[in-house]
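Colleague: Got a predicted model here, sequence first, then my questions.
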Amino acid sequence: MELENRIKVARGINRAEILLKNARIINVYSHDIHKTDVALHGGRVVGFGNYEAKEVIDLDGAYLSPGFIDGHVHIESSMLTPKEFARAVMPGGTTAIVADPHEIANVLGIEGIRYLVEANKSTPLDIYMMFPSCVPATNLETAGSSLTSSDLAMYLNEKWVLGLAEMMNFPGVLNQEESVLLKIQLAINAGKRIDGHAPGLSGKDLCAYIGAGISSDHECTNLEEAKEKLRLGMHIMIRQGTIAKDLEALLPIITPENSRRIIFCTDDRYPHDLFHHISGMVQQAVDYGINPITAIQMASINTAEYFRIPYVGAISPRHKADLLVLEDLKEFKPRMVFKSGKIVSQNGVFTGTTEYKELPPIRGSMNVKWLEEEHFRIKAESNRIKVINALPGQLLTKLTVEDAKIEDGYAVSDPERDILKIAVIERHRASGNIGIGFVRGFGLQEGAIASSVAHDSHNIVVVGVTDSDMLHAAVDLVKSQGGKVVVKNQRKLEILPLPIAGLISNKSVEEVMLKMDSLKKAAKSIGSKMEDPFMSLAFMSLPVIPEIKLSDKGLVDVNEFQITSTFS
């Protein structure tokens with residue numbers, strides 16, 4: 001029996017498979033570092049001390065850390081398949097992630113979740129999942145699917161489901177909506193975690209939200225918000241994504257006394273930001289002055305214990321041998337990465353194996369009613385318009401009321417004041433829904449940019465100077481089965497096709513990165529002043545993040561949770 005053999009190996013009766021000699025163990029249980037040898041067998045740690053082994057690797061005093069775990073991430077936001085995602089993050093020390101397949105579920109429902117579950121089997125990265133709680137996120141937009149409490153009940157007891165993913169519909173919780181409470185009660189009955197998503201929620205409403213059974217939040221952007229949620233018993237997930245970067249603002253909250261309630265996560269990252277993944281957050285925390293062991297706890301055991309993942313996140317007998325060999329505790333760039341006792345990366349190069357598995361077919365997801373240029377016109381109802389103001393490095397937006405530029409009775413883009421048209425086109429059911437408004441912050445002087453990555457329902461979102469270029473950008477995405485595109489003078493300058501649900505590429509991480517670089521250059525050539533306009537574009541349609549957004553149903557006042565007029 002495997003258990004009998006493991007006991008014999010641990011006692012020194014049978015030989016171990018691997019002995020890591022002269023290691024300095026970063027012990028996240030005892031919060032200290034001690035020098036010893038570590039025996040590995042059957043993909044797990046079996047013991048400390050002098051063992052006979054088939055293979056001996058002398059670490060020569062290097063540090064041995066548990067592998068890092070991302071506490072909340074949407075793989076789809078990387079635009080990569082799980083296999084390519086693993087190739088990017090594992091050399092940096094990420095050996096497990098807790099994924100929320102919310103994005104693909106909003107497009108393809110259970111079919112999309114099953115696709116990711118099967119795709120996960122081709123990679124050595126441990127990919128745990130939370131079941132999406134809000135598909136669709138709200139009734140203020142049109143999604144491609146709807147997941148009910150019945151769907152949750154069918155999958156909640158699967159081993160790969162850790163709990164209920166971010167409960168974005170906090171108004172639904174506070175207003176005791178039956179469909180929302182049914183999902184929460186199912187997760188509570190199953191003893192599973194319920195993750196939160198409640199930006200800015202405070203006071204009695206926050207107490208009610210937590211009292212409903214929601215135990216974490218990754219939306220804190222300032223110290224006061226994080227302190228209140230921490231004091232009320234929440235686990236705080238500090239996020240450092242490509243656009244939402246909260247780590248610097250929240251590092252001061254971390255103390256030796258409260259650090260075990262804090263977890264690192266990335267939420268949404270583009271490929272360029274995956275190679276220094278959770279390791280980059282650990283390094284930034286240490287650079288700030290956080291004890292290295294504490295920083296590593298937040299990247300490993302804290303996450304494992306919060307999600308109740310057994311025998312992961314520490315270096316201890318029976319734990320998975322997910323290990324990082326670090327030269328020092330200043331630059332967290334692993335010399336070697338072990339996954340279940342096998343070397344998967346050396347000196348920053350992925351050396352692991354990714355199995356080929358035939359993936360289940362998925363349907364096309366670009367179902368758009370015929371578009372004409374006139375669909376992008378906005379008849380002037382007054383000379384004052386409401387404008388969405390994109391904020392650099394944030395998912396939050398601000399509302400301002402501005403004078404409209406009016407031509408022939410229509411409100412049009414005004415690039416001189418950086419007020420551009422924005423449109424969200426429904427792409428799941430060919431309903432013909434198009435929401436149109438105005439946005440500031442993109443800086444385009446000509447042309448248009450468009451994307452089928454548009455949180456959370458992932459309709460087509462377009463920002464442009466002219467109606468004709470906006471039309472061509474949208475049509476290009478329909479033809480490519482989704483993606484991101486830059487158009488000028490009715491001609492595409494660059495396009496990244498995303499044929500899997502309009503979210504994911506079937507190309508390598510290197511190819512996607514090259515295309516993204518080219519898209520940024522093309523966007524800059526037509527005036528974009530954002531470092532990454534496509535990441536900001538993707539969140540202009542997210543009606544659960546204050547304070548003003550646009551969906552296919554119209555301009556959304558997020559604070560009031562209702563559709564509002566473009567004109568004031």
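Modeller: Received it, and whenever you're ready, just let me know what you need.

Colleague: End to end on stretch 339-350, go ahead and measure it.
Modeller: From its first residue to its last, stretch 339-350 covers 12 Å (C-alpha to C-alpha, to the nearest Å).

Colleague: got it, and stretch 169-189?
Modeller: Start-to-end, stretch 169-189 (C-alpha to C-alpha) is 20 Å.

Colleague: Quick one: mean pLDDT for it?
Modeller: Here stretch 169-189 scores 94 as its mean pLDDT.

Colleague: So what touches it?
Modeller: Stretch 169-189 is contacted by residues 133-134, 137-138, 148-149, 152-153, 156, 163-164, 167, 193-194, 196-198, 201, 205, 208-209, 212-214, 544, 561 when judged by C-beta atoms under 8 Å, 6 or more residues apart in numbering. Where C-beta positions appear, they are placed from N, C-alpha and C, glycine not excepted.

Colleague: hmm, try it at 6 Å
Modeller: 133-134, 149, 152-153, 156, 163-164, 194, 198, 201, 205, 208-209, 212-213, 561 (C-beta atoms under 6 Å, 6 or more residues apart in numbering).

Colleague: cool, stretch 432-447 as well?
Modeller: 142, 369, 375, 378, 385, 387-390, 415, 418-420, 422-426, 463, 465, 469, 487-488, 526-529, 533, 550-555, 566.

Colleague: Only whichever of those are buried, select them in ChimeraX.
Modeller: To isolate the buried members of those in ChimeraX, using 16 or more other C-beta atoms under 10 Å:
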select :142,375,378,385,387,388,389,390,415,418,419,420,422,423,424,425,426,463,465,469,487,488,526,527,528,533,550,551,552,553,554,555,566
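
Colleague: taking the contacts of stretch 432-447 one by one, which sit in strands?
Modeller: 378, 385, 387-390, 419-420, 422-425, 463, 487-488, 550-551, 554-555 (DSSP state E).

Colleague: Tell me who's in contact with Asn302.
Modeller: Residues in contact with Asn302 (C-beta under 6 Å, 6+ apart) are 260, 263.

Colleague: The residue lying closest to Ser340 once chain neighbours are set aside: how many residues sit nearby?
Modeller: Excluding the flanking residues, the one nearest Ser340 by C-beta to C-beta, 6 or more residues apart in numbering is Gly43, at 3.6 Å. Neighbours of Gly43 under the rule other C-beta atoms under 10 Å: 14.

Colleague: residue contacts, Gly43?
Modeller: Contacts of Gly43 by C-beta under 6 Å, 6+ apart are 321, 340-341.

Colleague: can you pick the most crowded of those?
Modeller: Counting by other C-beta under 10 Å, top hit in these: Ala321 with 25 neighbours.

Colleague: any idea of the pLDDT on it?
Modeller: So Ala321 comes in at 98 (pLDDT).

Colleague: give the contact list for it.
Modeller: So Ala321 contacts 40, 43-45, 338, 340-341 (C-beta under 6 Å, 6+ apart).

Colleague: Which parts of the stretch 51-200 of the chain are helices?
Modeller: Ranges of helices within the stretch 51-200 of the chain are 82-89, 102-108, 110-120, 149-155, 170-174, 178-189, based on DSSP state H, counting those that start in this stretch.

Colleague: among those helices, which is nearest Met516?
Modeller: Minimum separation from Met516 across the helices of the stretch 51-200 of the chain (C-beta to C-beta) falls at helix 82-89, 12.8 Å.

Colleague: what about Arg239, which SS state?
Modeller: When classified by DSSP: H, G, I helix; E, B strand; the rest coil, Arg239 comes out as strand.

Colleague: Hmm, Trp160 and Phe131 touching each other?
Modeller: No: taking C-beta atoms under 6 Å as the definition, Phe131 is not a contact partner of Trp160, at 9.6 Å.

Colleague: Tell me which of these two has more neighbours.
Modeller: Phe131 (27 against 15).

Colleague: Quick check: the gap between the more buried one and Ser215.
Modeller: Applying C-beta to C-beta, to the nearest Å, the value for Phe131 to Ser215 is 15 Å.

Colleague: Need the single longest strand in this structure, by residues.
Modeller: strand 16-27.

Colleague: Show me which residues of the helix or strand just after it are buried.
Modeller: Under the assignment DSSP states H and E, the closest C-terminal helix or strand after strand 16-27 is strand 32-41. By neighbour count on 16+ other C-beta under 10 Å, the buried set for strand 32-41 is 33, 37-41.

Colleague: For the following helix or strand past strand 32-41, which helices and strands make contact with it?
Modeller: The helix or strand immediately downstream of strand 32-41 is strand 44-48, counting by DSSP H and E. On a contact count with 3 or more C-beta pairs under 6 Å, 6 or more residues apart in numbering; DSSP states H and E, strand 44-48 meets helix 2-11, strand 32-41.

Colleague: so where's this structure shaky on pLDDT?
Modeller: 1, 356-357, 393 (pLDDT under 70).

Colleague: Mind naming the longest helix for it?
Modeller: Using DSSP state H, we find that the single longest helix of the chain is helix 509-525.

Colleague: can you dump the C-alpha coordinates of it into CSV?
Modeller: Extracted in CSV, the C-alpha atoms of helix 509-525 (Å, rounded to 0.1, in the frame of the first residue of the first chain):
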residue,chain,number,x,y,z
VAL,A,509,2.0,32.9,-24.4
GLU,A,510,4.9,34.3,-26.5
GLU,A,511,2.7,34.9,-29.5
VAL,A,512,-0.1,36.5,-27.5
MET,A,513,2.5,38.9,-25.9
LEU,A,514,3.8,39.9,-29.3
LYS,A,515,0.3,40.6,-30.5
MET,A,516,-0.5,42.6,-27.4
ASP,A,517,2.7,44.7,-27.8
SER,A,518,1.7,45.4,-31.4
LEU,A,519,-1.9,46.3,-30.4
LYS,A,520,-0.5,48.8,-27.9
LYS,A,521,1.7,50.4,-30.5
ALA,A,522,-1.2,50.6,-32.9
ALA,A,523,-3.4,52.2,-30.3
LYS,A,524,-0.7,54.7,-29.5
SER,A,525,-0.4,55.6,-33.1
